Structures are given as C-alpha cells and as structure tokens.
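Colleague: Using only what follows, build the 3D model:
(2 chains)
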Amino acid sequence: MFAGIDVGASATKCMIVDESKNEVASAVRRTGMSLRKVADEVYKEALSGAGLEPDGIKVVATGFGRKNVDFADSIRTEISCHCKGCYHHFPRALTIVDIGGQDTKLIRTNVEGKIIDFKMNRKCAAGTGAFLEEIARRMDVPLEEMNGLALSSEREIEIGSYCTVFTATEILSKIREGEKQKDIVRAVFGSVIKRIQEMNPLIGDVVLTGGVVAHNEILFDLLEEALGREVLKPPKPQFTGAFGAALYAMM
Amino acid sequence: MIEMFQEWFENRHEYAKHWKEKTGGKVLGYFCTYVPEEILYAADVLPVRILGSHEPQDVTEPYIFGMFCPFCRDCLAQGLKGRYDYLDGIMISQSCLHIRQAYTSWEMHIPVPYSYYLPMPNNVQSPRALPYLVGELEKFKKSVEEWTGKTITDEDLVRGIEIMNRNRELMMKFYETRKAEKPPMTGLEAMFMVVSGQMIHKDDHSRTIEDAMKELDGRNADRNVGQRLMIIGSEDDDTEFIRMVEDCGATLVVDDHCTGSRYFWNTVELDGNPMEAIAKRYIERPRCPSKDWGERSRLPHIMKLAKDYNAAGAILVQQKFCDPHELDIPAIKNELESNDIPTLFLELDVTVPIGQFKTRVEAFLEMLMEEDLF
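Modeller: Residues are numbered from 1 along each chain as shown, chains lettered A, B, ... in the order given. Below you'll find the model as predicted:
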C-alpha cells in the first residue's frame, strides 16, 4: 500500500492506493493551524477507513506544508504530484490547471508526462480559493452555496477585474445597478477563469483540477465555454496531488 | 578569508565611515555600474554603490513614483533613512529612468555637497558612442577636479585603471574556479564577493581575493553540488533568496547581473589615450538591456556563459516593473530553451515570498532531475 499526503493551504488530503494504483481510502480536513496534527489526522482517518495499519506503507508528502509531515518517507512538490496524478488519468500531452486555496498552478507536460514548464500566480492570490472565500463573505453567501447559486444564473454579466479588492468594489456597483446575487456570483467565477487565461493561452488538452473546482463544478462549464472545447476532469479533483504523491511512493 | 566578503557586505556603512576617518578622503555614492570608477580612484575618491536593504519601508512614497521598480525605491529609502549620511557626493550614469529618478530625488531631498549626472550613451552600438563618451568623461574629470581641488594627471588615470583592472582580473579568476565539477565557492559566496567589491576600496578587496584564492583548493569538497544553475537579471543582491535556492539542492555557478559578472567582465585595454581606453571599456562591457540594441548582444554572451559553466538550468529573475529587463526575457528564455537549458521565471520585489518561491525552485529542480533520468 502507498499513501500520498497533500498538505494544502486550505485543506489537507490523504489518499491510499494499492499496487494496481486503485484508491483504497481517502480523507480530507481543513488544514488549520497545526500542519503536523492535521497530516497525522487525515492519515489515521484514511488508514482506519481502509482497515489498515501504518506498518509497511510508503508515504510521500506534498503541498505547501509537506515538510511538516514527519512520518513521510520522502517529499515532492505539488507541481510534480499534480502532474503525476493527472497524467495517470489522461496519459498524453497536457496543460494542467490546478486551482488551490492560495495559488493557481499551470503545468505543461509532454506526451511522456514529463513537465515542460510550469507557472504559478505571483504574490497575489487573485483567482484562487482565497479570492472566492473573500467574495463569498462580502456577498453574504455561504461558500458551499456559491456553485448552486451561479448555476441558477440566467443573465450574463461581467466583472472586469480579478483583483479581490477591485472586484469587491465592482460588486458594490453591480448591486447598486440592481443585478441579482446569482448573476454576480456567476460573474465572480467567470473572473477566476479569466485570471487563468491571462496566465497561459491554454493550448491542447486542458485538465482542470484542485479543491476549488471540486467544490465549484461551474468552473468546468465556464472554462469550456471560454475555450470552446471539452475540458478534462479527473475523478476526485481535490485529490490529484495526494494521488500523485501516492504514485511517487510507489516508485 | 572568503568570510570577509560577507562581513563587508553586512557592515558596508561602517567600512566607509572608517575609511573616511582613516584617510580624510571623500566618499561618493553611485547608482549604476556604468559609472567610470577609474576616474574616481584616480582622484582618490572612494566610490560606493548605493544599494537597498531588502526591508519593507514606508518613507519613499512622496519622493518617487509608485510604479517605479522596487530596487530604485529601496535605494532611495536608504538615503531618506540617513544610512548614507557620510557621503560627500552622489552620481549616476544614464541607464534607466527609474534609477535616475532615485538619483534626482536624492539630489533634491537629501542634500549632498556634490552630485553629477553623467550622460552615458544608451546607443552604445553606434560608432558615435565612443567619441561622445570620451568627451563626457573629460567633462566629468574636470568636474571631479573642481570638487576635490586636485588635478587628475594621465598618471593618475593609469593608476585608477590599474586598480580597477587588477580587481576585475582577480574576480574573473575567482569565477573561473566555479567551472569545476565541484565549485569551491557557492553562488552566495560569489555574490558576497562581487557586491562587497562595490563598497570596499578596491585595494583592500583585491588583497583579500588574493588571500582567499589560497584557500580554494579542496574547499567545499563535501558539499553536494546538486543542479548547476545560472541566474540572470538586473541588479540582484538578495542574499536570502540566493541562499534559499542553493539550500534546495543547487549551486549557482554563474550569473548575468550587474551585481555579478556584468560588473567586472571586461578590463580597460590600455594603449594610448587612457580616457579613450576607459570609455571603450564601458562601451564594450556586457550590456545592461537598457543599452543593448539594435543587436541583442546579450544573447550570445549569456549562451556562452551557460555553456562555459555547464549550467543545467537558468533562473530568470525580474525586478518588478523593470521594463528593459522584462523586454529581454522572452528572447533569453527562447534562446536558452532552444539550447536545452530550461528556465524558471521569478519576479523579485524588495522582499520575496520565500515559501512560495521555494516551491517553485524545488519543482524546477525536480524537473531538471527528471531530465537526468531520461
């Protein structure tokens, strides 16, 4: 058995796979303040879900808190792990877009699954999960209702900026103009897509993954709309990093 | 002895103050490495480069544009905070508008007895650049003579040239050792060496390089070299960033920075008129992108460095809002990558987000390592 633990900025994920790379168990929790504790907890939860003991299980840690997983056998950056995880599901040249809690990654691979280059957002967390959390709070919408609300939207409006601060100002003027909450929320998701397109022209087969898209499936629709073609969706997008780490544990 | 460079780097102001006390000489702060230090050494003036301190600051806002690069703002902040209060003069050679405004703002808001703007031509590839610069250097010499009350003879100029050349040749020798499979010095140590040389009297600096040279044999033999990287960008004295990169399992083996190789790469070839020889050196030195047109001469130079030093990858660091360098990045990236040298682009601010950058650097190193497997 092999385990991957992805200590992300918002959530910590664990996935355990068997020799044939099939999922045996997984667990996810909010990362919170103690990275060591949460890594330990998700691992234990996944183990008990599979009825396993930790003996003999190889563990690879990834994510921004990867160095805090003291029981890991080795560590890998989330860039490599997302690439590994996505390539397993779609073995071809890919452009991988991972939207996380604090950063957005764009990874390009060749046909062998090797990373050709990658890009991450700069200091600013615009267009990431943190952006959506902040806007949800300002609009008085529970985060988990954002997706449903946006799906019910019937009117297309546009938000010009993906900067959190500017967007908040723009939303105020939309409210003043009498726009509906659901339409504004959809436009907020639209700005996340625009931010990604600004980072990379998104050539070829595009995989969209990460915790933010796992909870907000409308992002798949919006990206497909923007690109005019199908966007690949891995099973359990929130876990591709943890899954990739587990695959590394196998090597 | 190599540790001395870091000590100087960290205590740059104490050194300059002490030098002034000891010699009674004048200290001049300069903003750009196109400043002809030969003429200053000929006049027994100590040139020190004005650099930032990589601390968040809130003093420059009223004095310089917000969209100017963090480096020029950081430099100006040092003056506003009084850290260069021992300077007798400041000067700049024309390079880019941002650093020029730092100079002009300093002149207006932090009065010093002497200041000089040297119109270094930007079109250095024009045949008219050399005679133009010779004329400007003559004017500058006259101005320094008036300031110091001392005539600068041709012998003085030759002495200035010799002081600068000796230092350049020594640094080149030092860099040469980094071509080895096990470089005896890290990129961080090389950075401390070059940057401290911009603040310390060249004679002290050269002597220390000579001594340090004797320690190089077998030095760092146990250190894991990891991936050999080149680093390319404008000014870069962010030692914390460099340390982080090398701690991730890499060694910076060569650079193209004006706080690095661009500063000392070519010497003054003295035959005939010393002023003309000095001018020629600055016209022909490895160029800053603000002066590198119509041909982009940096590309073959950078490629040669990468090959000579056997770099497996290159980090392109971009000072936020620095247009001349940003304009060159697509061409440099393309040139390196089409020669199988992968690149990583990072944007520097006064302070860098070490954690975020670390993930990027580690991922880049993982990518290079995978390359080794194929």
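
Colleague: From residue A:236, how far off is the most centrally placed residue in chain A?
Modeller: The residue lying closest to the centre of chain A (C-alpha atoms, centre = their mean) is residue A:210, at 1.6 Å. According to C-beta to C-beta, to the nearest Å, residue A:210 and residue A:236 sit 11 Å apart. (Glycine included, C-beta is placed from N, CA and C.)

Colleague: Near residue B:54, how many other residues are there?
Modeller: By the measure other C-beta atoms under 10 Å in any protein chain shown, the count of residues near residue B:54 is 19.

Colleague: wouldn't it be in contact with residue B:238 here?
Modeller: Yes: the criterion here is C-beta atoms under 8 Å, and residue B:54 meets it with residue B:238 at 6.0 Å.

Colleague: Okay, buried residues for the longest helix anywhere in chain B please.
Modeller: In chain B, taking DSSP state H as the definition, the longest helix is helix B:154-176. For helix B:154-176, burial by neighbour count (16 or more other C-beta atoms under 10 Å in any protein chain shown) applies to B:156-161, B:163-168, B:170-171, B:174-175.

Colleague: where's the residue nearest to residue B:281 when sequence neighbours are not counted, which helix or strand?
Modeller: Closest residue to residue B:281 apart from its sequence neighbours, by C-beta to C-beta, 6 or more residues apart in numbering or on different chains: residue B:268 at 4.3 Å. Remark: residue B:268 resides in no helix or strand, with elements defined by DSSP states H and E.

Colleague: who's in contact with residue B:268?
Modeller: B:38, B:161, B:164-165, B:274, B:277-278, B:280-281 (C-beta atoms under 8 Å, 6 or more residues apart in numbering or on different chains).

Colleague: In a markdown table: the residues you listed, plus pLDDT and distance to residue B:360.
Modeller: Listed next are those as a markdown table, based on pLDDT from 0 to 100; distance: C-beta to C-beta, whole Å:
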| residue | pLDDT | distance to residue B:360 |
| --- | --- | --- |
| B:38 | 98 | 40 |
| B:161 | 98 | 43 |
| B:164 | 98 | 38 |
| B:165 | 98 | 39 |
| B:274 | 97 | 47 |
| B:277 | 98 | 44 |
| B:278 | 98 | 41 |
| B:280 | 97 | 41 |
| B:281 | 98 | 37 |
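
Colleague: Closest one to chain A out of those, please.
Modeller: Within the contacts of residue B:268, the smallest distance to chain A is 37.6 Å, found for residue B:281 (C-beta to the nearest C-beta).

Colleague: so where does the closest one fall, helix or strand?
Modeller: helix B:274-284.

Colleague: rewinding a little: next one: the residue nearest to the centre of chain A from residue A:243, what distance?
Modeller: Taking C-beta to C-beta as the measure, residue A:210 falls 12 Å from residue A:243.

Colleague: What residues sit buried inside the least confident helix or strand in chain B by mean pLDDT?
Modeller: Lowest by mean pLDDT, DSSP states H and E among the helices and strands of chain B is helix B:354-373, with a mean of 86. Judged by neighbour count (16+ other C-beta under 10 Å), helix B:354-373 contains these buried residues: B:356-368.

Colleague: Same list (the residues you listed) but as a markdown table, adding distance to chain A.
Modeller: Output for these, formatted as a markdown table (distance: C-beta to the nearest C-beta, whole Å):
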| residue | distance to chain A |
| --- | --- |
| B:356 | 7 |
| B:357 | 9 |
| B:358 | 9 |
| B:359 | 5 |
| B:360 | 6 |
| B:361 | 9 |
| B:362 | 5 |
| B:363 | 4 |
| B:364 | 8 |
| B:365 | 9 |
| B:366 | 5 |
| B:367 | 5 |
| B:368 | 10 |
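
Colleague: Out of the residues you listed, which comes closest to residue A:29?
Modeller: The nearest member of the buried residues of helix B:354-373 to residue A:29, counting by C-beta to C-beta, is residue B:359 at 21.2 Å.

Colleague: my guess is the closest one meets residue A:118, correct?
Modeller: No: using C-beta under 8 Å as the test, residue B:359 is too far from residue A:118 to be in contact (10.2 Å).

Colleague: any common contacting residues for those two?
Modeller: With C-beta under 8 Å, 6+ apart, residue B:359 and residue A:118 have common neighbours residue A:79.

Colleague: okay, residue 11: pLDDT?
Modeller: With no chain named, the answer covers chain A. With respect to pLDDT, residue A:11 has a value of 95.

Colleague: switch to chain B, that's the one I care about
Modeller: The predicted local confidence for residue B:11 is 97.

Colleague: could you measure it against residue B:196, distance?
Modeller: As for residue B:11, its distance to residue B:196 is 10 Å (criterion: C-beta to C-beta).

Colleague: Next secondary structure after the longest helix of chain B?
Modeller: That would be, after helix B:154-176 and using DSSP H and E, helix B:187-197.

Colleague: what's the angle between the next helix or strand after that following helix and helix B:154-176?
Modeller: The helix or strand immediately downstream of helix B:187-197 is helix B:202-213, counting by DSSP H and E. Here helix B:202-213 runs at an angle of 30 degrees relative to helix B:154-176 (axes from the mean of the first three to the mean of the last three C-alpha atoms, to 10 degrees).

Colleague: Just checking the distance from helix B:202-213 to the centre of its chain.
Modeller: Offset of helix B:202-213 from its chain centre (C-alpha atoms, centre = their mean, to the nearest Å): 18 Å.

Colleague: got it, and stretch B:236-246?
Modeller: Using C-alpha atoms, centre = their mean, the offset of stretch B:236-246 from its chain centre is 15 Å.

Colleague: Backbone dihedrals for residue B:229, please?
Modeller: Main-chain torsions, residue B:229, degrees, to the nearest 10: phi -120, psi 150.

Colleague: Let me fix that, I meant to ask about residue A:118.
Modeller: Dihedral angles for residue A:118 - degrees, to the nearest 10 - are phi -150, psi 160.

Colleague: Can you tell me who it pairs with across the strands?
Modeller: residue A:107 (DSSP bridges).

Colleague: picking up where we left off before, report the buried residues of the next helix-or-strand element following the helix holding residue B:281.
Modeller: Remark: after helix B:274-284, the chain's next helix or strand is helix B:298-308, criterion DSSP H and E. Buried residues in helix B:298-308, counting neighbours by 16+ other C-beta under 10 Å, are found at B:298-299, B:301-303, B:305-306.

Colleague: so what's the closest residue to chain B within the stretch 1-150 of chain A up against?
Modeller: At 3.6 Å from chain B, residue A:79 is the closest residue in the stretch 1-150 of chain A, using C-beta to the nearest C-beta. Counting by C-beta under 8 Å, 6+ apart, residue A:79 touches A:105, A:107, A:115, A:118, B:359-360, B:363, B:366-367.

Colleague: Between those residues, which sits nearest residue B:25?
Modeller: Nearest member of the contacts of residue A:79 to residue B:25, counting by C-beta to C-beta, is residue B:360, at 45.2 Å.

Colleague: Show me what from chain A comes close to chain B.
Modeller: Selection of chain A residues close to chain B by C-beta under 8 Å from any C-beta of the partner chain yields A:64, A:76-80, A:103, A:114-115, A:117-120, A:122-123.

Colleague: Kindly recompute the last result at 7 Å.
Modeller: By C-beta under 7 Å from any C-beta of the partner chain, the part of chain A that sits against chain B consists of A:64, A:76-80, A:114-115, A:118, A:120, A:122-123.
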